[in-house]
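Engineer: 3D model of this:
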Amino acid sequence: MPEIPDLEVFSMNLTKMLKGKVVKKLEVPYPKKLKTSLTTLRKQIEKQKLTSIYREGKQLRLAFSNKAILGWHLMLHGEPAIYEGKALPKWPIITLQFTDDTGLAMTDFQGQAMVTLNPEESEVPDAMSKQVNTKYLQGILGDSKKKIKEVLMDQELIRGLGNAYTDEILYQARISPFSVANKIPAAQVKVLASSIKKVLKDGIKQILKHDKNPISGEYRDFMKVHHARKEMSPGGAPIQSHKVGSRKTYYTDEQELYT
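Structural biologist: Numbering: from 1, shown residues only. Reported below is the predicted structural model:
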């Protein structure tokens, strides 16, 4: 599943490629996950200029000149795709044909990706926002007896963090993913707050270093512990894996366990 750094890069590149184009025709070949009618979507989106594409939590948001917003949740296997003319990509969920005969589609071979018109704004802070700081983390961790990884991935507490980058954040902070949230010392919570921003920003840099123009896919080779083919961490510790909830989790003994 694309996570915050992936989506940030996708949105930046898609905006660069498509900003200013006018939608000629909107189609929803796979309406199963559509949260509004096709008629309403067309009325709101067709003949409108695409002004930007940005990320909110785990969604891509497409903004138009009439202030309408399309929310695209890629889920596990959804991908944006550029096409020309009638040469549609495989497994389209939604397609936007522009007046210059190019198009943008969201595809998903599993059919799970979702489209929302004018999605509601959430009061839950995004992981990249200034709100997710030491004070905020102390508040949500102090109230929880859950494992720290479960808390960080709870979209009702922090928006946007996924499995892979949460492992990297906890490794950077040297906190075991199995630690009880309210047992983590205040000094380590401060380290955790810093690690969230550092790991996500570094992820963006590493993706762009590998490829400046991606609009889909996941690049993970730079990751320090969340990597199935790596056996040792940068510090020389064996990388272990175990499930936290339903998520396969990568960690090392370099990470302190607080219980």
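Engineer: Every contact and neighbour count from this point should use C-alpha atoms.
Structural biologist: Will do.
Engineer: which residue ranges form the strands in the chain?
Structural biologist: 23-27, 50-56, 59-64, 69-73, 79-84, 92-98, 102-107, 114-117, 240-244, 247-251 (DSSP state E).
Engineer: Can I get these in a markdown table including mean neighbour count and mean pLDDT?
Structural biologist: Below are the strands of the chain laid out as a markdown table (neighbours: other C-alpha atoms under 10 Å; pLDDT from 0 to 100):
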| stretch | mean neighbour count | mean pLDDT |
| --- | --- | --- |
| strand 23-27 | 19 | 97 |
| strand 50-56 | 21 | 98 |
| strand 59-64 | 23 | 98 |
| strand 69-73 | 22 | 96 |
| strand 79-84 | 19 | 96 |
| strand 92-98 | 23 | 97 |
| strand 102-107 | 22 | 97 |
| strand 114-117 | 21 | 94 |
| strand 240-244 | 15 | 94 |
| strand 247-251 | 20 | 96 |
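Engineer: Nearest to Glu168 among those would be which one?
Structural biologist: Closest approach to Glu168 among those (C-alpha to C-alpha): strand 247-251, 8.5 Å.
Engineer: So what touches that closest one?
Structural biologist: Here strand 247-251 makes contact (C-alpha atoms under 8 Å, 6 or more residues apart in numbering) with 163, 167, 171, 176-177, 225-227, 239-243.
Engineer: doesn't Val28 make contact with Leu38?
Structural biologist: Yes - contact criterion C-alpha atoms under 8 Å: Leu38 and Val28 qualify, at 7.1 Å.
Engineer: Counting neighbours, go ahead and name the busier of these two.
Structural biologist: Val28 (20 against 14; other C-alpha atoms under 10 Å).
Engineer: looking at it, the more buried one is touching Trp91, isn't it?
Structural biologist: No - in this structure Val28 lies outside contact range of Trp91 using C-alpha under 8 Å: 10.9 Å.
Engineer: and Ile204, how many residues sit next to it?
Structural biologist: Neighbours of Ile204 using other C-alpha under 10 Å come to 16.
Engineer: Surely it and Val9 touch.
Structural biologist: Yes - here Ile204 lies in contact with Val9, judged by C-alpha under 8 Å, at a distance of 6.7 Å.
Engineer: just curious, which of the contacts of strand 247-251 is nearest to Asp143?
Structural biologist: Distances from Asp143 to the contacts of strand 247-251, taken by C-alpha to C-alpha, are shortest for Pro177, at 17.1 Å.
Engineer: Quick one: residues contacting the closest residue to that closest one other than its chain neighbours.
Structural biologist: Closest residue in space to Pro177, ignoring its immediate chain neighbours: Lys149 at 5.1 Å, by C-alpha to C-alpha, 6 or more residues apart in numbering. Contacts for Lys149 (C-alpha under 8 Å, 6+ apart) come out as 166-167, 170, 177-178, 244.
Engineer: quick one: which of the residues you listed has the most company?
Structural biologist: Highest neighbour count within those: Pro177, with 29 neighbours (other C-alpha under 10 Å).
Engineer: these two touch, right, that one and Asn163?
Structural biologist: No - using C-alpha under 8 Å, Pro177 and Asn163 do not qualify as a contacting pair, with a distance of 11.0 Å.
Engineer: what pLDDT does the residue nearest to Pro177 get?
Structural biologist: Listed pLDDT for Lys149 reads 98.
Engineer: quick one: it and Leu192, what's the gap?
Structural biologist: According to C-alpha to C-alpha, to the nearest Å, Lys149 and Leu192 sit 12 Å apart.
Engineer: contacting residues around the spatially closest residue to Phe98 that is not a sequence neighbour?
Structural biologist: Nearest residue to Phe98 in three dimensions, chain neighbours excluded: Val23, at 4.4 Å (C-alpha to C-alpha, 6+ apart). Val23 sits next to 45-50, 96-99 when contact means C-alpha under 8 Å, 6+ apart.
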